[in-house]
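Chemist: quick one, fold the following:
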Amino acid sequence: AMLDRMLNLQENAPWITFLKLRGSWANVGRDTDPYALDQYYTATDFPGGFRPGATIPDPNICPENVATWEIGLEAKFLENRIGFDVALYQSDVTNQIYDVTNDYMSGAKYYTENIGLIRNKGIEIAMTFVPVRTKDWNWTINVNAARNIGILKEMYDGWDITQPHETDYGTYFGSAFYVYNFVGRKMGEIWGAKLLEVAPEGSYYLDADGNKVDCSGQYIIDSKTGYPSISDEKRCIGNINPDWTGGISTSLRWKDLTLSMAFSAQIGGDTYSVTAAVLGQQGKLTNTLEGRNDGLVAEGVNVVGTDENGNMICQVNNTITENIYNYYKDYAANRYNLEAYTYDTSFLKLKELRLEYNFPKSLMSKQKVLQGVSLAAYATNVFCLTDYPFYDPEAGTMNGTSMLRGAEAGSYPMARTYGFNLKLKF
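Modeler: Prediction:
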C-alpha cells in the first residue's frame, strides 16, 4: 500500500518523500531424491546373498513445505536523504523428509516419513543516510541488520521431548562435542562431555568471618592432587547461531573520485576450535604458560561434605598442582575441555576498500569510441576485529557436502587481495 499517496503526504507532510506498507505470503515445496520411494535389496558379505535395505520408504511421502509470511514498512524522508526499511517475518518448515528409527522386527532400521516443524522468526532492518549532497560532494551511508531465531517446535509422534535431535558433524570431533536441538528451544546448542566438574546450585563455603559464600558454578578441585574433577554429565556451553548479523557500506564522492568501504559484522554465536584444542593440549598456546616453572593453585573449591539440606559444603582450593604437565594435558588444556576452546565469534570486518576514478564526461565527448572509462584500486579483507583467536571467526566445518557453523578444524586464514580494475564502456 502506497501510504504517501493514500494519505496525500506530498501536501500534508512534504518532508515524507515515500511511505509504503507491504505484506506477502509464500508457500514453497521441495521434492526428495529420485527413486527415494522405491525399496531395494542390499548385497551382503555372503556370496550371492541379499537383504532388505536399511530404510523402508513411505510410498505416500509428501514434499517438504516452507510457508512464509512477511510484513514490512519502507519510508524515505527529506528527498531521499534519510530512509529505512523494516521487515518482520515468520517461516514454518514442515513435512521434512526424515528417516525415523524403526523396529528391527520390520526388517529395516529406519522408516522414511514426514515429520517436524521448524519455525524461524526474525527482523530485517535497512537504513540509508545521505549526510552530504552537493554538486561536487556526495556521502552515502547504508546500514543493515538482521536477527533470526530458529526454534524446533515439533519432531514426530512418540518423540521424547527431553531428548535432543543431534546435528551430524561426522566423526572427526570425537565423543565430546555435540550440537543439539531440543523441542521448544532455540536450535544450535553446543553441548560438551568430559568437561571440568563444577559445584552444583546451593554449594557454598565459609569465609574468614563465618559467612556463607555461594560457590556454585566454580570448578571442583581434588584437595590432594590439585587437579580438577571431570564431570560425567554433558553441559550446554553455547549456541552456534549469532544473535545479530549486519553490515555497513559507505561511499564518499568528490567530483569524479569515489572512496567506498564495505563492513560486515556479527554479534554472538559460538564456535569450538579444534585448531586451538590440539595446539593447547600440546602446550603450544599461551593458556599453558602459567605455572610451568613453579606450579600453580587452580581456581576452584574442594568438597568438604554436605549439610542437612544436601547442599555441598566446600572450601577454597589452596593445593598446588601435583604435576603441571598432567594438569594441562589431562584437564585444563585437554582438547575435549570444550569450555576452554569454545569462543565467541562476534566480529567487525572491513570486507572491501575501494578508490575509483571516473574520467570526466567532457573528455569522453571528444572521441566517439568510448562512452566511459573508470580506473579503480581495491583491497579485500583489510582487517577483522574479533576476540576469536584463530584466523577467521566465520570458519566452519564440512560434513560431506554440507558446510556447518559452530566448529572449525585446521581452517585457513582469510585471503587478503589487492588489485586494480579498469572498465571501458563502448
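
Chemist: low pLDDT regions in the stretch 251-400 of the chain?
Modeler: Low-confidence regions of the stretch 251-400 of the chain, defined by pLDDT under 70, span residues 364.

Chemist: let's see 80
Modeler: In the predicted model of the stretch 251-400 of the chain, residues 361-370, 399-400 satisfy pLDDT under 80.

Chemist: and the strands in the stretch 151-300 of the chain?
Modeler: Across the stretch 151-300 of the chain, reading from the start of the chain, the strands by DSSP state E, counting those that start in this stretch fall at 165-166, 177-181, 189-192, 204-206, 212-214, 235-239, 244-254, 257-267, 270-273.

Chemist: got CSV for those, with mean neighbour count and distance to Met312 too?
Modeler: C-beta coordinates here come from the backbone N, C-alpha and C atoms, glycine included. As requested, the strands of the stretch 151-300 of the chain are exported to CSV (neighbours: other CB atoms under 10 Å; distance: least, CB to CB, whole Å):
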stretch, mean neighbour count, distance to Met312
strand 165-166, 14, 31
strand 177-181, 20, 27
strand 189-192, 20, 22
strand 204-206, 17, 8
strand 212-214, 12, 11
strand 235-239, 17, 17
strand 244-254, 17, 38
strand 257-267, 17, 36
strand 270-273, 26, 28
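
Chemist: can I get the ones you listed in TSV with distance to Thr55?
Modeler: Shown next, in TSV, are the strands of the stretch 151-300 of the chain (distance: least, CB to CB, whole Å):
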stretch	distance to Thr55
strand 165-166	18
strand 177-181	22
strand 189-192	27
strand 204-206	53
strand 212-214	51
strand 235-239	31
strand 244-254	37
strand 257-267	38
strand 270-273	31
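
Chemist: tell me which of these lies nearest to Tyr331.
Modeler: Among the strands of the stretch 151-300 of the chain, strand 189-192 comes nearest to Tyr331, with 14.0 Å by CB to CB.

Chemist: partners of that closest one in the sheet?
Modeler: Strand 189-192 has the following sheet partners, assigned by DSSP bridges: strand 177-181 (antiparallel), strand 235-239 (antiparallel).

Chemist: ok now that strand, how far from the chain's centre?
Modeler: Counting by CA atoms, centre = their mean, to the nearest Å, strand 189-192 is centred 13 Å from the centre of its parent chain.

Chemist: residues in contact with that strand?
Modeler: Applying CB atoms under 8 Å, 6 or more residues apart in numbering, the contact partners of strand 189-192 are 164, 176-182, 234-240, 270, 272, 336-339, 342, 406.

Chemist: go again using 7 Å as the cut-off
Modeler: Judged by CB atoms under 7 Å, 6 or more residues apart in numbering, the contacts made with strand 189-192 from elsewhere in the structure are 176-180, 234-240, 270, 272, 338-339, 342, 406.

Chemist: contacting residues around the residue nearest to Thr225 when sequence neighbours are not counted?
Modeler: Counting by CB to CB, 6 or more residues apart in numbering, the nearest residue to Thr225 once its immediate chain neighbours are dropped is Glu322, at 4.4 Å. Applying CB under 7 Å, 6+ apart, we find Glu322 in contact with 225-227.

Chemist: what of Phe347?
Modeler: The neighbourhood of Phe347, defined by CB under 7 Å, 6+ apart, consists of 265-266, 384-386, 388, 393.

Chemist: now do Glu113
Modeler: Taking CB under 7 Å, 6+ apart as the definition of contact, the neighbours of Glu113 are 58, 98, 100.

Chemist: by neighbours, which of the residues you listed wins?
Modeler: Top of these by neighbour number is Val100, holding 18 neighbours under the definition other CB atoms under 10 Å.

Chemist: for that one, list each beta-bridge partner.
Modeler: Taking DSSP bridges, one obtains Tyr111 as the residues bridged to Val100.

Chemist: just the pLDDT for the residue most central in space within the chain.
Modeler: When the chain is reduced to its mean C-alpha position, the closest residue under CA atoms, centre = their mean turns out to be Asn241, at 3.2 Å. pLDDT recorded at Asn241 is 96.

Chemist: pretty sure it is in contact with Val179, am I right?
Modeler: No - because the distance of 10.2 Å does not satisfy CB atoms under 7 Å, Asn241 is recorded as not touching Val179.

Chemist: spit out the residues that contact these two alike.
Modeler: Where contact means CB under 7 Å, 6+ apart, the residues bridging Asn241 and Val179 through contact with each are Gly188.

Chemist: from the centre of this protein, point out the most distant residue.
Modeler: Lys366 (54.2 Å).

Chemist: torsion angles phi and psi at that one?
Modeler: The phi and psi torsions at Lys366 (degrees, to the nearest 10) take the values phi -80, psi -10.

Chemist: do you know how far it is from Phe359?
Modeler: Plainly put, Lys366 is 11 Å away from Phe359 if you go by CB to CB, to the nearest Å.

Chemist: equivalent analysis for Ala262, please.
Modeler: The value you get for Ala262 to Phe359, if CB to CB is used, is 24 Å.

Chemist: same thing with Val179?
Modeler: Taken as CB to CB, the spacing of Val179 relative to Phe359 amounts to 53 Å.

Chemist: and for Ala395?
Modeler: 41 Å.

Chemist: which of the two has more neighbours?
Modeler: Ala395 (22 against 13).

Chemist: wait, what's in contact with the more buried one?
Modeler: Taking CB under 7 Å, 6+ apart as the definition of contact, the neighbours of Ala395 are 408, 411.

Chemist: and with 8 Å instead?
Modeler: Ala395 neighbours (CB under 8 Å, 6+ apart): 271, 408, 411.

Chemist: ok, Leu375 next?
Modeler: With contacts defined as CB under 8 Å, 6+ apart, Leu375 is in contact with 356-357, 359, 420-423.

Chemist: which of those ranks first by neighbour count?
Modeler: Of all these, Glu356 has the most neighbours under the rule other CB under 10 Å, reaching 18 neighbours.
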